[in-house]
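Peer 1: my questions are about this predicted structure, shown below with the sequence.
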Amino acid sequence: MAGVRRLTQKDIARLAGVSQATVSLVLNGAAAGDARIPEETRERVEKVIRDTGYVADPVARRMAKGLNRILGVFTYEPAFPSDQADFFAPFMLGIEEAAQALGYDLLLFTAGSGGRRRLFDEHTRLRLADGCLIIGRSFDRDELARLMAGDYPFVAIGRRDDAGAPVPYVGADYAAAAAVMVERAVGLGHRRFAYVGNAERAESMRDRWQGFLAGLAAAGGELALHVPVEHRPADETLDAVLASGATVAFFLELADAIEVDAAARRRGLAVPGDLSIVVTGSHERTRRPPGVAFTSFGIPREEMGRQATAMLAAALAAGARPGRQVLVPCEFVEGATLGPPRAAPASRMSDKKEITT
């Protein structure tokens with residue numbers, strides 16, 4: 001794998017077709033009217049600086065390897081608002097723990113334009129950090145492809161599809177976890193399954209869905225209903241699940257599982273018994289009702305953060321770009337909402353149904 005080195009003023013000069021002295025003058029803020037720097041030349045240099053994300057760093061230039069021992073963290077969504085704390089906080093805890101153990105400082109990138117965070121923005125100073133950890137429910141595919149085409153070291157937290165080349169990542173093994181949950185349900189006597197949640201919007205959603213289907217195929221279960229949207233009225237979702245003959249419903253989002261569980265209990269239905277409920281992790285922070293422990297699997301967010309930080313640091317130490325792809329196992333959470341079906345449901349559908357609205 002090709003070695004990694006920091007961009008220098010000499011690189012900027014070569015890309016802009018000017019002398020290194022001209023680059024230095026532009027970086028040092030020489031007046032726009034300075035006769036030594038024609039406006040067209042200045043603009044060309046500034047464009048190269050913006051396009052490459054170059055930041056002059058005299059401290060790094062004095063260091064033997066040209067490294068700051070700073071790792072960047074970029075999140076496509078705000079990391080600290082309360083409604084997303086459960087999603088981002090464990091990642092940040094794992095990253096911080098590993099960075100401290102490895103002797104790195106952290107720099108959180110928050111810049112962007114028009115209310116949208118972007119990696120390649122004139123205000124985002126990526127190259128202040130030796131490399132970057134990138135987190136988000138979904139990534140900008142164009143930016144990811146640009147990262148893969150460049151020389152800047154990074155590791156994605158969460159599995160990502162190829163973007164011109166295999167993307168280095170540390171993700172959760174959602175597919176294996178979902179398959180295991182299906183096998184457990186079949187082992188308890190369930191045969192007809194419902195799935196509530198999007199199956200396409202992001203890699204993590206696709207992995208859960210594909211694992212769920214693989215589990216059905218391996219264990220002999222049947223998909224009775226797929227509701228490919230979240231946040232439908234709970235009673236409508238419950239009606240559809242019961243009408244399909246499903247005895248167990250898998251939910252992408254904990255928030256939807258909570259609402260359907262409450263609707264079932266209001267009708268006097270036993271959970272589990274009349275209906276079992278399984279949650280395939282959770283993308284959203286939500287208040288859990290007291291006394292209800294949902295059967296689910298834990299997403300190893302802290303461990304993902306630790307391993308991604310270690311992967312990036314190891315690549316920097318070797319002078320190489322990260323190239324590995326790692327999936328961390330998810331831990332089964334027993335809960336109390338999955339049990340044997342009480343009896344065959346009165347209403348059975350011969351074919352799988354899908355609700356689209």
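Peer 2: Received, thanks.
Peer 1: shaky segments in the chain?
Peer 2: For the chain, the stretches with pLDDT under 70 are 1-6, 28-36, 55-66, 79, 81-86, 112-115, 122-124, 282-290, 343-357.
Peer 1: buried residues in the helix or strand hosting Glu96, which are they?
Peer 2: Per DSSP states H and E: Glu96 is located in helix 85-102. By neighbour count with 16 or more other Cβ atoms under 10 Å, helix 85-102 contains the buried residues 86-88, 90-92, 94-96, 98-99, 102. In this view, the C-beta of every residue, glycine as well, is placed from N, C-alpha and C.
Peer 1: so which bits of the helix or strand just after that helix are buried?
Peer 2: Downstream of helix 85-102, the first helix or strand assigned by DSSP H and E is strand 105-109. Buried residues in strand 105-109, counted by 16+ other Cβ under 10 Å: 106-107, 109.
Peer 1: correct me, but Ser138 touches Leu144?
Peer 2: No: using Cβ atoms under 8 Å, Ser138 is not in contact with Leu144, being 10.3 Å away.
Peer 1: so between these two, which is more surrounded?
Peer 2: A count of neighbours by other Cβ atoms under 10 Å puts Leu144 above the other of Ser138 and Leu144, at 20 against 14.
Peer 1: pull the contacting residues for the more buried one.
Peer 2: 156, 160, 163, 167 (Cβ atoms under 8 Å, 6 or more residues apart in numbering).
Peer 1: could you dump the helix or strand harbouring Ala194 to PDB, C-alpha only?
Peer 2: Assessed by DSSP H and E, Ala194 sits inside strand 192-196. Extracted in PDB, the C-alpha atoms of strand 192-196 (Å, rounded to 0.1, in the frame of the first residue of the first chain):
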ATOM      1  CA  ARG A 192     -44.900 -16.500  10.400                       C
ATOM      2  CA  PHE A 193     -43.000 -13.300  10.800                       C
ATOM      3  CA  ALA A 194     -43.600  -9.600  10.300                       C
ATOM      4  CA  TYR A 195     -40.900  -7.000   9.700                       C
ATOM      5  CA  VAL A 196     -41.500  -3.300  10.400                       C
END
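Peer 1: how near is the nearest residue to Ala315 once chain neighbours are set aside to Leu147?
Peer 2: Counting by Cβ to Cβ, 6 or more residues apart in numbering, Ala315 lies nearest to Pro322, which is 4.2 Å off, once chain neighbours are set aside. Relative to Leu147, Pro322 is positioned 11 Å away (Cβ to Cβ, to the nearest Å).
Peer 1: joint contacts of the two?
Peer 2: Common neighbours of Pro322 and Leu147 (Cβ under 8 Å, 6+ apart) are Phe154.
Peer 1: wait, isn't Leu126 in contact with Glu143?
Peer 2: No: using Cβ under 8 Å, Leu126 is not in contact with Glu143, being 10.8 Å away.
Peer 1: higher neighbour count, the two?
Peer 2: Taking neighbours as other Cβ under 10 Å, Leu126 and Glu143 compare with Leu126 leading, 23 against 17.
Peer 1: which ones are touching that one?
Peer 2: Counting by Cβ under 8 Å, 6+ apart, Leu126 touches 53, 55, 72, 74, 109, 119-120, 132, 152.
Peer 1: thank you, goodbye.
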